[in-house]
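J.: next one to model:
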Amino acid sequence: MLFRTTIKHLQFNRRTFVNSSSFAPFNSSSPALHSPHPPSISLRLQNPPHLHDEDPYSHLKEDPIDICSSIWLKAFASLPNSSFSHLSSFLSKFDLWVLAYQRSCADLTGNFPPRNAIHSHVLRDLLSLRNAVINGKFSWNRKANQLIRCPNDKSRTHLISKRKLRAMLESDEPCFQDRVVQEVLLNVLEPFFEARFSLKSHAFRPGRNAHSFIRAIRSNFAGYLWFLKADLSEVLSHIDENVVMGSLEKAVKDKKILRLVKSALQSPRKTRPRVEDNEEMMKKKKNKGAMKKKKILNENEPKPDPYWLRTFFNFAPEEAAKVPSYGHCGILSPLLANICLHELDLVMEDKIVEYFRPSKLDSIWKDSINDGCHNPAWPEFVPASGKEKTRKMDYIRYGGHFLVGIRGPREDAVRIRKEIIELCENMFGIRLDNSKIEIEHISRGILFLDHIICRRIIYPTLRYTSSGGTIVSQKCVGTLLSVTASLQECIRKFRRVDLVKGDRDPEPLPCNPMLYSSQAHTNSQMNKFLETMADWYRYADNRKKIVGFCAYVIRSSLAKLYAARYRLKSRAKVYRIASRNLSRPLIESSNNSAPEYSDLLRMGLVDAIEGVQFSRMSMIPSCDYTPLPRNWVPDHEKILREYIKLQDPGLYSELHSVVKRRGLSLPQEEISEIVWSYKILGSWHFKTNEGNEMEGG
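T.: Here you go, the predicted model:
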């Protein structure tokens, strides 16, 4: 018995030594050893022995998807103004940490590891990370001593130099274990705030995107003359820590989670580079022009994004290009930005109700704020302003940018702009000038998300029956809200990716990044790009025109590329050989001994060449004019609310009383009648057959 205890004690000491040496391979002169707070080595040694002997598999009790679903149900079933004080209980669920580790690995390596493929030592490290967070001993951006390692990190069996250690500590690359903690916090906090966020917000939220923003503009902003276009992107770049915590503390009362988020909001501390470091940076800049070796990716290293995806990312609008980043919050930053800006959404919703002044003489919005044209096909007859018209305002936000539509005089727009400037200064501590909040008229067009919101004049013919019974036809003048894609912004983005030159009459340039790719691979990449662009401009009135222009640029760029690759003199010769959609193979030489492309394709030695899409205008899909329903919510929120409603026992009693009051029949009653009649007919048929047998006997 004593021998077994000794062996167990030696195994524990050996495991502790291996962990400390593999996660913190420093020499005696390393600055981390002389730091006042030794990061995770002291954490491991201070923990009692029974924590290291804990079996991680004993903590895997539930499905993490079921846990996340229960969090969403609890969030949407609670009252809108309720606060939450026991959220840290979800941090102790080890299944959530395993799910966070899987998502972090998928983001880092591109592969989502199955739960049964995670090694036991990784689960032990993940369990120690969970215990550190629960016990309040976790610190952000601790790169030298991580409790759990990145799957791409190589095992270190030797000491590292001071220079490599300093470069690792001063690098901007986020810490892997920080990403795991951020995932857990996001899974816990996001549902509770999604249930309270305004319907006017469309960025950094599940189920909402730029398309829902454009559809809301088309459905709800018809009839507005003046627009306030505001830029609050400073909130996304930097904001006071107290402002974020003040907004967060209104709903979250759990001190452990608040303390964790507050420590993450602190900006990273960077030491000033020494003189030797500056000299090394100057040497690197001098040698920057030297030839670089082609990098070979490791097995677990994620591959870079394909060319079509990188090209599409460069087409991001100005309003969607900036993603918030606060301190060490990482993926938690967009949620925190929406939490801060939610205060602005609530104030603007109150202003919408205060500004509304209905008029009985108006054709729309006569009685309530929800009246009026919701269908974009409904024309509004001019004049659109005046004393006899209803005063109305609407508001919508996408990230740090928002639009305010005003139906009224320009003086009201100036007054509302002044109120918004004062509100932002008091709420966020940001001083805005008039250039950050512009007043624009609908006739000049408002550019937002690379779409132009403008007004189109139409001349419909109204037919109605007069008092005498005769049908009267009368021509009128009306206006429709038009949302069109900006061609100039599209040309500007094509210039950014070096596919066109010029402005007014752009000239396509050859697609040089695809010079060493095959024709089949190049065409498939460009087809994916064109499909994505056609989907991006789905709700633009000029969808056919803008997608046709993109297809022309891509097709001409590829024709110039193929002309240079296969030594053809012009685009016309490329089109003559490869056809208009570049689907026929191009060969470098006309050697008769070379096999035909059809034979190689049949043998599987070459890939099938896809034709470049949208070579004809008739192939481009038309604009989607489907109106967005009033008070639209994503499908997942609709399902959640319906499920919560069905869980209420009072709903069934109310339905039963309605059925009785209206004299309707329930499905259960119909089924019981069918079963009862079947029993009666069956017994009657049995008695009849029995009587016939007796008579026959």
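
J.: so where is the stretch 551-697 of the chain shaky, pLDDT-wise?
T.: 588-607, 682-697 (pLDDT under 70).

J.: what do you get for the chain?
T.: Ranges of the chain meeting pLDDT under 70: 1-53, 154-158, 267-302, 363, 366-367, 371-387, 588-607, 682-697.

J.: could you pull out the strands for it?
T.: With DSSP state E as the criterion, the chain has strands at 226-231, 380-381, 392-398, 401-407, 437-441, 446-448, 451-458, 461-465, 471-475, 478-485, 500-501, 507-508.

J.: and the first one, which strands flank it?
T.: The pairing partners recorded for strand 226-231 under DSSP bridges are strand 401-407 (antiparallel), strand 437-441 (antiparallel).

J.: now the strands of the chain in a markdown table, with mean neighbour count and distance to Asn81?
T.: Glycine gets a C-beta too; all of them are placed from N, C-alpha and C. Formatted as a markdown table, the strands of the chain follow (neighbours: other Cβ atoms under 10 Å; distance: least, Cβ to Cβ, whole Å):
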| stretch | mean neighbour count | distance to Asn81 |
| --- | --- | --- |
| strand 226-231 | 20 | 27 |
| strand 380-381 | 18 | 37 |
| strand 392-398 | 23 | 21 |
| strand 401-407 | 24 | 24 |
| strand 437-441 | 16 | 30 |
| strand 446-448 | 21 | 32 |
| strand 451-458 | 18 | 34 |
| strand 461-465 | 9 | 48 |
| strand 471-475 | 9 | 52 |
| strand 478-485 | 20 | 35 |
| strand 500-501 | 16 | 53 |
| strand 507-508 | 15 | 57 |
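
J.: so which of these gets nearest Val122?
T.: When the strands of the chain are compared by Cβ to Cβ, strand 392-398 sits nearest Val122, at 39.3 Å.

J.: please export the C-alpha coordinates of the closest one as PDB.
T.: The C-alpha trace of strand 392-398 is given here as PDB (Å, rounded to 0.1, in the frame of the first residue of the first chain):
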ATOM      1  CA  LYS A 392     -43.200  61.100 -39.200                       C
ATOM      2  CA  MET A 393     -39.700  59.800 -38.500                       C
ATOM      3  CA  ASP A 394     -38.000  56.400 -38.700                       C
ATOM      4  CA  TYR A 395     -34.600  55.100 -37.600                       C
ATOM      5  CA  ILE A 396     -32.300  52.200 -38.600                       C
ATOM      6  CA  ARG A 397     -28.800  51.300 -37.700                       C
ATOM      7  CA  TYR A 398     -26.000  49.100 -39.200                       C
END
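
J.: report the angle between it and strand 401-407.
T.: Relative orientation of strand 392-398 and strand 401-407, computed by axes from the mean of the first three to the mean of the last three Cα atoms, to 10 degrees: 170 degrees.

J.: Throw the strands paired with strand 226-231 into TSV and include distance to Pro64, thanks.
T.: Listed next are the strands paired with strand 226-231 as TSV, based on distance: least, Cβ to Cβ, whole Å:
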stretch	distance to Pro64
strand 401-407	35
strand 437-441	44
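
J.: most centrally placed residue in this structure?
T.: Per Cα atoms, centre = their mean, the C-alpha nearest to the average position across the chain is that of Phe204, at 5.3 Å.

J.: got the contact list for that residue?
T.: When contacts are counted by Cβ atoms under 8 Å, 6 or more residues apart in numbering, Phe204 touches Val323, Pro324, Pro334, Leu335, Ala337, Asn338, Gly399.

J.: of these, closest to Val483?
T.: For these, the nearest to Val483 is Gly399 (18.7 Å; Cβ to Cβ).

J.: thought Arg218 was touching Tyr539?
T.: Yes. Arg218 lies in contact with Tyr539 (Cβ atoms under 8 Å); the separation is 6.7 Å.

J.: who touches both of the two?
T.: Common neighbours of Arg218 and Tyr539 (Cβ under 8 Å, 6+ apart) are Val483.

J.: before we move on, back to that, now distance to Ile118 and neighbour count too, for the contacts of Phe204, in JSON lines please.
T.: Listed next are the contacts of Phe204 as JSON lines, based on distance: Cβ to Cβ, whole Å; neighbours: other Cβ atoms under 10 Å:
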{"residue": "Val323", "distance to Ile118": "29", "neighbour count": "13"}
{"residue": "Pro324", "distance to Ile118": "31", "neighbour count": "24"}
{"residue": "Pro334", "distance to Ile118": "28", "neighbour count": "21"}
{"residue": "Leu335", "distance to Ile118": "27", "neighbour count": "21"}
{"residue": "Ala337", "distance to Ile118": "32", "neighbour count": "26"}
{"residue": "Asn338", "distance to Ile118": "32", "neighbour count": "23"}
{"residue": "Gly399", "distance to Ile118": "35", "neighbour count": "25"}
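
J.: need phi/psi at Asp541.
T.: phi -60, psi -30 (degrees, to the nearest 10).

J.: from Thr484, how far out is it?
T.: Separation of Asp541 from Thr484 (Cβ to Cβ, to the nearest Å): 5 Å.

J.: can you check Arg417 too?
T.: Distance of Arg417 to Thr484, given as Cβ to Cβ: 26 Å.

J.: same deal with Gly429?
T.: Counting by Cβ to Cβ - Gly429 and Thr484 are separated by 37 Å.

J.: kindly report the same for Ser128.
T.: 56 Å.

J.: cool, and Leu186?
T.: 37 Å.

J.: ranges for the helices of the stretch 451-600 of the chain?
T.: For the stretch 451-600 of the chain, helices defined by DSSP state H, counting those that start in this stretch occupy the ranges 487-496, 519-536, 543-565, 571-578, 597-603.

J.: same for the first one, what does it pack against?
T.: If you count contacts as 3 or more Cβ pairs under 8 Å, 6 or more residues apart in numbering; DSSP states H and E, helix 487-496 packs onto strand 500-501, helix 543-565.

J.: most packed of the ones you listed?
T.: Counting by mean count of other Cβ atoms under 10 Å, helix 543-565 has the highest mean neighbour count of the helices and strands packed on helix 487-496, with a mean of 21.
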